[in-house]
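Novice: The following block contains a protein sequence and its predicted model.
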Amino acid sequence: MKRGFSEGILWMVLTQQAILLPLYAQSNVEKEHRRGRLWEVVRNDGFIGSLGAWDYLTASPLGMFPAFSGFVHPFGNEFQAVNTYANANFHNFRSGVWIAVKDMLIPGGPPTYTPTPVPYEVYTSGLQEGSFGTANTLEPLLLKQNFIETSLFDPRLPEEMTEGSWYTNTGIRVTRRSYVWSYPGYSDFIIYDYIFRHTGEFIANSTRQLVPSPDPALTTQVLSEVYFVFHSGISVSTKSPLNFHCELFAVAAGAFGWQPATYHDYYHRFDNDELVFSTNYDGGKEPHPNSAVYCIKSNQAWKQKFGNEMFSPAAFGWLALYADPVTGQPARTSPAPDVLRIDSHKGGTFQGNPLDMETFRDPQNSGRTRFYTFATTPDSQAALGNNGNRFNFYSLSYGPYTLSPGDSVRIVLAEIAGVMDYGVVNAGDPDGWFPDSTTTAIRRNAALARNAVAWGRGANVNGMPLAADVPEPPPGPSTDAVNISVGSERAIIGVTWDQLAETKSIQDGSGAPFYGGLADLDGYRVYRSTDFQYASETEPPVFRGATWTLLADIPKTQFSQYWDPDLNRYRYDDSTVTFGFRYAYYVSAYNSAPGTWTSANGTTVTNLAELESGSYNRTEPTAAAPGPVTSFDVFVAPNPFVFGDLSRSFGVSDPYKIEFRNLPERCVIRIYTVVGDLIRTIRHGPDERGNLAGSRAWDQKSDSGLLVAPGLYVYHIESTTEGLAKSLTGKLMIIR
């Protein structure tokens, strides 16, 4: 039975919830942030990032940007990485927090755990060896989601937050909360709120367990000359080495490159060292000059996978947002670190000896003295220069603090990104905006992160000290897109959305009304994206959605023109699409003139800029397809298919797609070699929603999933539509 547009949409509404976020398997002590544009792994021992990308140990490393569902990192050992490609623009492969203490007592070995004096003790996370000084068995890490579209939404809290604590070998217990938002302007950073409290509870290095009933000498001691360090190894060159080079040594170690001649990053210091970050040598528009000593993939092969897209258009780094004053000192005028180091992966020096950050990993084997001295010694490795030939490690140290039992220190930082307009990025930056536009973006995001902390720190929500708060936009309506070209020779996709933004009310931090549904809603905006990413030779391109085009801005006065009473939803028909190409959509709701807002800590904020919902409610990619026909004048588009030719293929978004057009409702398509070997059978009929189409795609793969060779092929189409007993044979050509 043929199902029309209204029936298809109603079926969708009845069978899908308003907003569904993907579920991911996560361990009890490790959680993943995927709500904003910066995706990240956080672990309940201080580790942030994913070591898995370092040597191709995982197919989905996080700590990357722009994040998108379906991203696949080259996987399977670096020896298999020569002819692979990468999508991520940058990657945080390991970051973490340290505690370095001078002259203290630590517990000895079991069973007595006798207090033992040591000149230095160090707890570390974010190193190549993982964490040192934490328990074997970690406490659970909580992931809390607080989305506007849900009934239990609390406007004082972030959209997504992790909360966890862990003991250390220094007698200092760490509590860390992370804060994430998807709202435009606030989606490119993750705020980390640390509280370090001297509890006198120790992890014994000998057992990696919490010491039972510690000696009073341990619990009552005053810790002096304590430093808290935030250490991070990040790269914004992830794609460039891997995609440009054709020899293993140039792309070894997870695409970062461990050969100094493959380093591509600059470091930047802004705002009295509150903001430190890396940018790529040239955004990846072309191979780095150092690449001349290495083999480059022939014929600019990377453009067949990504088009002109820049490989590394983002800035990525750390922003200091708040730090308690050093003991005995007045309140800080700036949260900048007391000690800043900017090292490179290899080639630097420390205490007169070569410094290799890959082997600087274990305080037990490398010596606590070395780590304490590192944490307290400023250095930017000036001898290495800053000429786009570094792979930067940032270390931000705070101290020295003196902590009596019960004392605590609070420090707030943000992992932060900034990227130029992605429409420009995908075009290859034709006007030379990089790096100025990228630097402007990360500094703009830094200003917004500072506002978030100014509006949130000092608040207490249900007994929890809060670090940041931001004003909420209207909720994004649930959106769907359906092909409605059936019975038409015009390509049309219907976009529909609900009235959630008109019925939702939001309070501010004081409990006063801030957004009152339809009264404060000023309009809807319909966006479309064709931003897909190459996955592999045997997988279809994955929808990324980093760049969007505004199709329609619908003010409140025009809502009635788009209301479809049969669907009980709004409907916008996009007739500017082309048959065969895939498109994704989202509809935002906006409040163009927000009123006065009181933040969680009581700050009154006026003159807020427009607030608009983000793209988290994006649709699945949808292609316009012509309706089924009875004339049986089937043809293939494009024919011949020419790989990489935009006029003879579907381009980078679907580089291997071929379509059979003018098909009946149901048929069987069989594809043969010219000598008669059957390589693929495709059964065409209604889709999973019951919608009919008169076209069907072939991905140039055989029934066994292998990409077929270029050449001439024969196709045979046999109708299985009731009342239409026809068949035909034709030929198609594949040129690569």
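Specialist: Good, I have the coordinates.

Novice: the helices in the protein, which residues?
Specialist: Ranges of helices within the chain are 5-15, 216-219, 239-244, 302-306, 363-366, 368-375, 422-426, 436-456, 500-503, 559-562, based on DSSP state H.

Novice: Make JSON lines from those helices and add distance to Pro473, mean pLDDT and mean neighbour count to it.
Specialist: Every C-beta, even on glycine, is put in place using the N, C-alpha and C of the backbone. Below are the helices of the chain laid out as JSON lines (distance: least, Cβ to Cβ, whole Å; pLDDT from 0 to 100; neighbours: other Cβ atoms under 10 Å):
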{"stretch": "helix 5-15", "distance to Pro473": "24", "mean pLDDT": "34", "mean neighbour count": "16"}
{"stretch": "helix 216-219", "distance to Pro473": "48", "mean pLDDT": "97", "mean neighbour count": "16"}
{"stretch": "helix 239-244", "distance to Pro473": "32", "mean pLDDT": "80", "mean neighbour count": "27"}
{"stretch": "helix 302-306", "distance to Pro473": "32", "mean pLDDT": "86", "mean neighbour count": "19"}
{"stretch": "helix 363-366", "distance to Pro473": "46", "mean pLDDT": "84", "mean neighbour count": "16"}
{"stretch": "helix 368-375", "distance to Pro473": "41", "mean pLDDT": "96", "mean neighbour count": "20"}
{"stretch": "helix 422-426", "distance to Pro473": "20", "mean pLDDT": "94", "mean neighbour count": "20"}
{"stretch": "helix 436-456", "distance to Pro473": "14", "mean pLDDT": "98", "mean neighbour count": "20"}
{"stretch": "helix 500-503", "distance to Pro473": "9", "mean pLDDT": "97", "mean neighbour count": "19"}
{"stretch": "helix 559-562", "distance to Pro473": "18", "mean pLDDT": "98", "mean neighbour count": "13"}
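
Novice: Which one of those helices lies nearest to Gly730?
Specialist: Nearest of the helices of the chain to Gly730, taken as Cβ to Cβ: helix 302-306 at 27.4 Å.

Novice: ok, residues contacting the closest one?
Specialist: 85, 243-244, 311, 533-534, 643-644, 652, 655 (Cβ atoms under 8 Å, 6 or more residues apart in numbering).

Novice: quick one: which two of these are the most distant?
Specialist: Phe311 and Phe643 (21.1 Å).

Novice: what about the two, which has more around it?
Specialist: Phe311 (29 against 14; other Cβ atoms under 10 Å).

Novice: What residues does that one make contact with?
Specialist: Residues in contact with Phe311, defined by Cβ under 8 Å, 6+ apart, are 89, 237, 239-240, 243, 280, 283-285, 302.

Novice: What distance do you get for the closest residue to Pro594 other than its chain neighbours to Ser592?
Specialist: Among residues not flanking Pro594 along the chain, Leu608 sits closest, at 4.3 Å (Cβ to Cβ, 6 or more residues apart in numbering). Note on Leu608: its distance to Ser592, by Cβ to Cβ, to the nearest Å, is 10 Å.

Novice: Counting neighbours, what do you get for the nearest residue to Asn83 once chain neighbours are set aside?
Specialist: By the measure of Cβ to Cβ, 6+ apart, the closest residue to Asn83 outside its immediate chain neighbours is Cys246, 7.4 Å from it. Cys246: 14 surrounding residues under other Cβ under 10 Å.

Novice: List the contacts of Cys246.
Specialist: Applying Cβ under 8 Å, 6+ apart, the residues contacting Cys246 are 82-83, 295-298.

Novice: Give me the buried subset of those residues.
Specialist: Those of the contacts of Cys246 that meet the buried threshold are 82, 296-297, by 16 or more other Cβ atoms under 10 Å.

Novice: Go ahead and measure how far the longest strand seen in the chain is from the middle of the chain.
Specialist: Counting residues, the longest strand found in the chain (DSSP state E) is strand 90-107. Distance of strand 90-107 from its chain centroid, counting by Cα atoms, centre = their mean, to the nearest Å, is 25 Å.

Novice: Now for this protein, the helix or strand with the poorest mean pLDDT.
Specialist: helix 5-15 (a mean of 34; mean pLDDT, DSSP states H and E).

Novice: Break the protein into its domains for me.
Specialist: 5-16+472-623, 34-465, 635-735 (automatic domain parsing).

Novice: Looking at the ones you listed, which one is packed in the most?
Specialist: domain 34-465 (a mean of 20; mean count of other Cβ atoms under 10 Å).

Novice: coming back round to it: distance to Arg571 for the contacts of helix 302-306 - can I get that in JSON lines?
Specialist: Shown next, in JSON lines, are the contacts of helix 302-306 (distance: Cβ to Cβ, whole Å):
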{"residue": "Tyr85", "distance to Arg571": "39"}
{"residue": "Asn243", "distance to Arg571": "41"}
{"residue": "Phe244", "distance to Arg571": "46"}
{"residue": "Phe311", "distance to Arg571": "39"}
{"residue": "Gln533", "distance to Arg571": "29"}
{"residue": "Tyr534", "distance to Arg571": "33"}
{"residue": "Phe643", "distance to Arg571": "38"}
{"residue": "Gly644", "distance to Arg571": "37"}
{"residue": "Val652", "distance to Arg571": "30"}
{"residue": "Pro655", "distance to Arg571": "32"}
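
Novice: Kindly indicate which of those lies nearest Glu32.
Specialist: Nearest member of those to Glu32, counting by Cβ to Cβ, is Gln533, at 19.5 Å.

Novice: Isn't that closest one up against Val542?
Specialist: Yes: Gln533 lies in contact with Val542 (Cβ atoms under 8 Å); the separation is 5.2 Å.

Novice: where does this structure dip in pLDDT?
Specialist: Where the chain drops to pLDDT under 70, the residues are 1-26, 53-56, 61, 76-81, 248-260, 487-488.

Novice: can I assume Phe147 is in contact with Pro158?
Specialist: No: Phe147 lies out of contact with Pro158 (Cβ under 8 Å); the separation is 10.3 Å.

Novice: tell me the contacts of Phe650?
Specialist: 580-581, 657.

Novice: Give me the subset of the residues you listed that lies in strands.
Specialist: Among those, no member lies in strands (by DSSP E).

Novice: And these, which is closest to Glu415?
Specialist: Phe581 (35.6 Å).

Novice: Find the residues that touch each one of Gln533 and Val542.
Specialist: 68, 71, 87.

Novice: isn't the first one right next to Thr547, touching?
Specialist: No: using Cβ under 8 Å, Phe68 makes no contact with Thr547, being 11.6 Å away.

Novice: returning to that earlier point: return the closest of the shared contacts of Gln533 and Val542 with respect to Asn662.
Specialist: In terms of Cβ to Cβ, no member of these lies closer to Asn662 than Phe68, at 34.0 Å.

Novice: Find the residue closest to the closest one in space, skipping its chain neighbours.
Specialist: The nearest residue in space to Phe68 (Cβ to Cβ, 6+ apart) is Arg544, at 4.1 Å.

Novice: Pretty sure Trp318 sits against Val276.
Specialist: Yes: using Cβ under 8 Å, Trp318 is in contact with Val276, at 5.8 Å.

Novice: Quickly list what's touching both of those two.
Specialist: 394, 396.

Novice: Quick one: the strands in the stretch 401-550 of the chain, in order.
Specialist: With DSSP state E, counting those that start in this stretch as the criterion, the stretch 401-550 of the chain has strands at 408-419, 460-461, 464-465, 479-483, 493-497, 505-507, 513-516, 523-529, 532-533, 542-543, 549-555.
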